[in-house]
Structure formats: structure tokens, C-alpha cells
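> would you be able to build a 3D model of this:
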Amino acid sequence: MGVRGVDVRLRRLKNVTCYWHRGDFVAHAHRGHSPVALHPSTAEILSAFDTWTTPAQAAEVLDHLHPETVVKAAGTLLEYGLLAEEGSPEAEEDERLADAWGPWAPEASFFHYATRDVPFETATPELRRHLTRDGRPALFSEYPEADRVLLPRTPDPRLSAPLEQTLYRRRTHRSFSAQPVSLHDLSILLRTVFGPAEFIDGFEFGALIRRTSPSGGARQELDAYLAAPNVTGIPAGLYHYNAREHSLELLREGFTHAEAGALCVHQEGIDQAAFIVFVVAAWERLRSKYRHPRAYRVSHLNAGHLGQTFALAATTLGLGPFQTAAFDDTAVEGHFGLDSVTHNALYALAAGHPTPDTATDTADLNAFRHTTLRPRATGTL
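Residues are numbered from 1 along each chain as shown. The predicted structure is shown next:
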């Protein structure tokens, strides 16, 4: 930087994340910049620009460093897009980005921008062979030593209900009666949502499962873990749904509605549901094919697909579905004996017999008076 550079005021971006990666100290501006490997001592210089500061002022604060070192480093960090000049378009965009993401930053904004605009490779036979050189993860999760209940496979004509009717009947329910859900209905629901619909040829990846919901690359990394306080035909307890043999594997006998409420942070109605299915990701199945962290997005989309199918299937069976991402991750995974490293809970899908007086009120004129129907003109969206 020249003499003017010494006097210009700079600030560290509000939207930048620093971390260690493969032995390097890395600074990663969230939008529009690639991650940059820096000397770890640079963190101290970045920290000196927490507010609008000139390089000369920063050098005074960092008086154990030579002033020219600080000035030169500031110029380099400005070129890397880690510092912004006061009044510049980069500074204005950084402010807008920080305001837009608000309480979601830095975690959500960093993940979002770090996994944007990634290169995609065509799945050639050579690439498939490379991805499978270390073997293929098992298609199914199983607990071979667990006691199990083999579930009925009886077809159910209720699943033939017209799609339009089912779509418009679907509601999220938060009030359930004490009537237990039958093992037959639970079996139908698990098989419809989580069971194999057929097996397809994945070439070098071998046979792959197709379910009734989409799954990126047919990896089917999501398993069903059941917490069942009120289902006829099985003891209250914690189970794993074995999709290969259509069975419930008992992981722990005993589970109460109060425990359900505690696991799902005491949301209204969850402690009345007959059962909860926790959708759990077995990461190796997805990671064995998709090596870029963008695939983590895909797994959450896959969970959403399963949640929609669950809600529609439950509705056709006369049950009230309830779905939420509000739960105590560590407690849920601990209850099921999961290690919270290779397996993580992503979604909770509950159901029960809804009480008849829980219909949502239709929005009236007063409701619309309190509604903003169109965005205010603020420039480019």
C-alpha cells in the first residue's frame, strides 16, 4: 500500500470464517472469495481491524510488529478480500450480507456460501471405479443381536386414496388422543416411507435401493429409529427399523410420553404422539459417492422428501402427522446408542390419532390486516 493506503480506514469483513485445514490456517470470506491459507500470525493483524481502522493505527496497536509489516499485511489482506475499505462496494455488500443473515451467521451463512457453485464431475465408469475402490458401504443398517418383531406385510386399500384429496387433508397436528396406533398401521407407514420399493442397477456401485421418496444418487443414507410409547402389539421402547427384513429391532425396552417431550424440547403435542420416528443419517453411504460438502445439503433435502411422504401416508391412514427439527440432538442420539459422529439425527416425524377439535382456524379479515402480502420496494432482491 502507498501513503494513501496508510491513512485509509479498513475493517475486517463481518462475514469471514477462519479455521485449520490440513495443517494450514485458512481464512474464508463467505461470499465471492476462495479460502486463503495464511500464516497463523495473520490472525492477530486481522483482529486489529475489528472496527474501521487505518493501517497506521493498527501498527500502533501491534507495536511488537514492525509498522511496515502491518501495512504490507493489510494491503495483502485487502487484495484477498478479507479486509474492506470504508465506503467501498465490498464494505457495503459485507454489511448487507451481515444484516441479511443476522442471527444465522456465521454458521449457516458460511456453510451456504462455502458450498455454492461447486464443480460437478460426470459419473464416468472410471470415476465410479475410483469411488468404489475401498469397497461399498452396506445398503442396510442392522442390529443382529437385538430382539425383533417381524412386521406384517398386509396391503392396505387406504393407500389408494386420491392424491389430491390426501394433499389437501394433510395437516400438522399438535393434539392427539390416548388411543394407541395399531402395529398394522405403523407397519404400513414404515414400509411405505422407509422400505425398498425396488432395487436398481447402480453399475459399479452394485444394486441400489429405490424408495417412494427421492434420494440423491439413491444412496439412501437415512434410517428410521422409532420411539414408541403408545403402539399396540409391541412394548413401549426404542427400536430400529430394519428395512431389509421389515422388522423392528428392540434397542431399549421402556419409553414414556414424558421422555418424548423432553427429547423434543417440550413442544406442544409431542408428548401425546403415539410414536416418533427419528430420521438418522448414516454418513458413510452418502460420502462414499459424494465427496464434496455440498452433499450435506442433499441429505437434508432427502430428509424433507421422506417427511413429506410420511405426512401423506399418515394422512391416508387416518393418523395425524407432526414433523419437527426441534429436538435435543445429543439426547436423541444418546438414547439410541448412536455415536454422534458417523450417525446423526436430522428430523423427527411423529404421529398419533388426532383429536377432533384441532382444526386450524381459517384466516379472516383481521388476520389479513396484520399480514404483509408483498415486499416493500428496497431495490434488487
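
> quick one, strands of this structure?
If DSSP state E is used as the criterion, the strands of the chain fall at 10-12, 16-21, 24-29, 36-38, 83-85, 148-150, 198-201, 207-210, 222-228, 237-242, 247-253, 275-282, 320-324, 343-352.

> any idea how many residues pack against the spatially closest residue to residue 269 that is not a sequence neighbour?
Leaving aside its sequence neighbours, residue 269 sits nearest to residue 174 (Cβ to Cβ, 6 or more residues apart in numbering; 3.2 Å). For the C-beta atoms, the positions are set from N, CA and C on the backbone; glycine is no exception. Neighbour count for residue 174, taken as other Cβ atoms under 10 Å: 19.

> look up phi and psi at residue 174.
Here is the backbone geometry of residue 174 (degrees, to the nearest 10): phi -130, psi 20.

> so what's residue 115 up against?
292-294, 296-297 (Cβ atoms under 8 Å, 6 or more residues apart in numbering).

> farthest-apart pair in those, please.
Using Cβ to Cβ, the contacts of residue 115 span at most 9.9 Å, a distance reached by 292 and 297.

> tell me where the model's unsure across this protein.
Residue ranges of the chain with pLDDT under 70: 1-6, 123, 127-128, 130-131, 357-359, 378-381.

> domain parsing for it?
Annotated domains of the chain cover 3-114, 149-352 [automatic domain parsing].

> out of those domains, which is closest to residue 371?
Closest of the domains of the chain to residue 371 is domain 149-352, at 19.9 Å (criterion: Cβ to Cβ).

> next, count neighbours for residue 290.
Neighbours of residue 290 under the rule other Cβ under 10 Å: 18.

> before we move on, the earlier item: just the buried ones among the contacts of residue 115, please.
Buried residues within the contacts of residue 115, counting neighbours by 16 or more other Cβ atoms under 10 Å: none.

> how about TSV for the residues you listed, with distance to residue 65 added?
Conversion of the contacts of residue 115 to TSV gives the following (distance: Cβ to Cβ, whole Å):
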residue	distance to residue 65
292	38
293	35
294	39
296	39
297	41
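
> rewinding a little: just send the strands of the chain back as CSV, with mean neighbour count and distance to residue 191 too.
CSV is the format used below for the strands of the chain (neighbours: other Cβ atoms under 10 Å; distance: least, Cβ to Cβ, whole Å):
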stretch, mean neighbour count, distance to residue 191
strand 10-12, 21, 54
strand 16-21, 15, 43
strand 24-29, 18, 44
strand 36-38, 17, 50
strand 83-85, 22, 55
strand 148-150, 15, 12
strand 198-201, 11, 13
strand 207-210, 17, 13
strand 222-228, 24, 11
strand 237-242, 23, 9
strand 247-253, 19, 11
strand 275-282, 24, 13
strand 320-324, 23, 16
strand 343-352, 24, 15
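
> rebuild those strands as JSON lines, extending it with distance to residue 269.
Output for these, formatted as JSON lines (distance: least, Cβ to Cβ, whole Å):
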{"stretch": "strand 10-12", "distance to residue 269": "45"}
{"stretch": "strand 16-21", "distance to residue 269": "38"}
{"stretch": "strand 24-29", "distance to residue 269": "41"}
{"stretch": "strand 36-38", "distance to residue 269": "48"}
{"stretch": "strand 83-85", "distance to residue 269": "47"}
{"stretch": "strand 148-150", "distance to residue 269": "27"}
{"stretch": "strand 198-201", "distance to residue 269": "36"}
{"stretch": "strand 207-210", "distance to residue 269": "32"}
{"stretch": "strand 222-228", "distance to residue 269": "15"}
{"stretch": "strand 237-242", "distance to residue 269": "20"}
{"stretch": "strand 247-253", "distance to residue 269": "24"}
{"stretch": "strand 275-282", "distance to residue 269": "11"}
{"stretch": "strand 320-324", "distance to residue 269": "6"}
{"stretch": "strand 343-352", "distance to residue 269": "8"}
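
> nearest to residue 110, of the ones you listed?
Closest to residue 110 of the strands of the chain, according to Cβ to Cβ: strand 16-21, at 4.7 Å.

> that older thread, if I look at the residue nearest to residue 269, how far off is residue 55?
57 Å (Cβ to Cβ, to the nearest Å).

> sorry, back to before: out of the domains of the chain, flag the one nearest residue 372.
domain 3-114 (17.2 Å).

> pull the distance from that closest one to the chain's centre.
Centroid displacement of domain 3-114 relative to its chain, using Cα atoms, centre = their mean, to the nearest Å, is 29 Å.

> how much space between residue 295 and residue 354?
Counting by Cβ to Cβ, the gap from residue 295 to residue 354 is 36 Å.

> these two - which one has more neighbours?
Neighbour comparison, residue 295 and residue 354: the larger count goes to residue 354, with 22 against 19 (by other Cβ under 10 Å).

> so the more buried one touches residue 172, yeah?
No. Applying Cβ atoms under 8 Å, one finds residue 354 not in contact with residue 172, separated by 10.0 Å.

> nearest residue to the residue nearest the centre of the chain other than its sequence neighbours?
Nearest to the mean C-alpha position of the chain, by Cα atoms, centre = their mean, lies residue 300 at 4.2 Å. Leaving out its chain neighbours, the residue that sits closest to residue 300 by Cβ to Cβ, 6+ apart is residue 346, at 6.3 Å.
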